[in-house]
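Asks: Generate a structure from the sequence data that follows.
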Amino acid sequence: MVTIIQSPVFTLWLSCLLIGRAGLCAYGAALPRHEAVRDWPALPAGHVLGQCVAVGTDSRNNVLVFHRSGRTWSTPFPTETITAPTVSVIEGKSGKLLAAWGANEFIMPHGLSLDREDNVWLTDVGRHQVFKFSPDGQRLLLTLGERGVPGADASHFNLPTDVAVLADGSFYVSDGYKNTRVVKFTADGKYDFEWGGKGAGQGQFNLPHGVAVDATGRVIVCDRTNSRLQVFDPRGKFLTEWKGPLIGRPYGVSIGAEGHVFLIDGGDGTGKTAERPRAVELDAEGRVLDRFGGFGTGPGEFQLGHDIAVARDGSVYVADAAGKRVQKFARQAAKP
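Replies: Prediction:
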């Protein structure tokens, strides 16, 4: 008779053997170091989040959630904008709603990022456009792409997924679902250069779904359907990739303290609960430090983890598209 060991420690050990050179395990990740904060957020009655597709945090540790209100993903996309607010601003500590904006602006919300000045960058796959708003959402500062017109040139996108902004104001756009490229723009929105193309080779993508830049300037891209993170230098030169069973299928990525990389594994879409969403913390070399969450509807569980953000205070937030909610995770103190 063969006995199957199903302990978390054994599972981690086995996965570490399978993951290989790209994404080595670090000791001590057998038990999650992050736990869900219960009863967060504390939204008022009547404020309903739709499909939560993106999350970001500002310099005051407030949380911005980009959601689709009552609309769900369906193709072909509608042509009319969502009439209800699509951006919810939540106080990180208390979970109280601070503001809501974005009504009559977006068709199919997708990506959200904030820059060092707390300007809010949003992508709309239904409009094929990228937007930069003032921190309060009341002023539209920049628009890229042509509304409703897909394309693959310097002035068009085809279902753009995410934005990562540098300290000098220049930025990268992951132009993901159709163009499978990453495009670099200057701070004033002028096309600079691009790289990518459809495939599974180094520097190729099969749906670049999320993008982030670390303190050293490395560009980290969620190559979702290829089930890997690819790492590039600022000019798009391939450096390395991180993949394996502990990393899964990355949907969103964020940079935390000490250069740690946080990703949300959205699962493989097969419906097998063991292979569905988890949040993952890596060190700057791609070693897995922590995995937390899992498939479900309970605290700390996701139905479709779509994006992740790390606040300056270390809190981690996960946007759950299918679950229509955002959750907060706090790092647990080390136990003696």
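Asks: Between the two ends of stretch 287-295, what distance do you get?
Replies: 23 Å (CA to CA, to the nearest Å).
Asks: what's the answer for stretch 200-219, then?
Replies: From its first residue to its last, stretch 200-219 covers 18 Å (CA to CA).
Asks: can you check stretch 36-53 too?
Replies: Across its full length, stretch 36-53 reaches 19 Å end to end, with CA to CA as the criterion.
Asks: Could I get the full set of helices for this protein?
Replies: Under the criterion DSSP state H, helices of the chain are mapped to 8-19.
Asks: For it, spot the helix or strand the model is least confident about on average.
Replies: For the chain, counting by mean pLDDT, DSSP states H and E, helix 8-19 ranks last in confidence among helices and strands (a mean of 44).
Asks: Any stretches of the stretch 1-150 of the chain with poor pLDDT?
Replies: Across the stretch 1-150 of the chain, residues meeting the criterion (pLDDT under 70) sit at 1-31.
Asks: Report the separation between the closest residue to residue 312 other than its chain neighbours and residue 209.
Replies: Excluding its sequence neighbours, the residue lying closest to residue 312 (CB to CB, 6 or more residues apart in numbering) is residue 61, at 5.9 Å. Just so you know, the C-beta spots here come from the backbone N, C-alpha and C atoms, and that holds for glycine as well. As judged by CB to CB, to the nearest Å, residue 61 and residue 209 stand 25 Å apart.
Asks: can you pull the contacts of residue 99?
Replies: The contact partners of residue 99, taken as CB atoms under 8 Å, 6 or more residues apart in numbering, are 88, 89, 136, 137.
Asks: Okay, and the beta partners of the most centrally placed residue in the chain?
Replies: The C-alpha lying nearest the average C-alpha coordinate of the chain belongs to residue 252 (CA atoms, centre = their mean; 2.4 Å). With DSSP bridges applied, residue 252 shows beta-bridge pairing to residue 264.
Asks: contacting residues for it?
Replies: Residue 252 sits next to 54, 162, 209, 210, 222, 263, 264, 305, 306, 307, 308, 319 when contact means CB under 8 Å, 6+ apart.
Asks: From these, pick the one nearest residue 189.
Replies: Of all those, the one with the least separation from residue 189 (CB to CB) is residue 162, at 16.4 Å.
Asks: Once you drop chain neighbours, what's closest to that closest one?
Replies: On the basis of CB to CB, 6+ apart, the spatially nearest residue to residue 162 that is not a chain neighbour turns out to be residue 111, at 3.8 Å.
Asks: One more: residue 72?
Replies: residue 51 (6.0 Å).
Asks: tell me the pLDDT at residue 187?
Replies: Reading off the per-residue confidence, residue 187 sits at a pLDDT of 98.
Asks: that older thread, need the max-distance pair from the contacts of residue 99.
Replies: Taking CB to CB as the measure, those reach their widest spread between 88 and 136, a distance of 13.4 Å.
Asks: Tell me which of these two has more neighbours.
Replies: Each of residue 88 and residue 136 had its neighbours counted (other CB atoms under 10 Å), and the higher figure belongs to residue 88 (26 against 11).
Asks: Any figure for the gap between the residue nearest to residue 259 when sequence neighbours are not counted and residue 292?
Replies: Sequence neighbours aside, residue 284 is the residue nearest to residue 259 in space, at 3.8 Å (criterion: CB to CB, 6+ apart). The gap separating residue 284 from residue 292 is 19 Å, by CB to CB.
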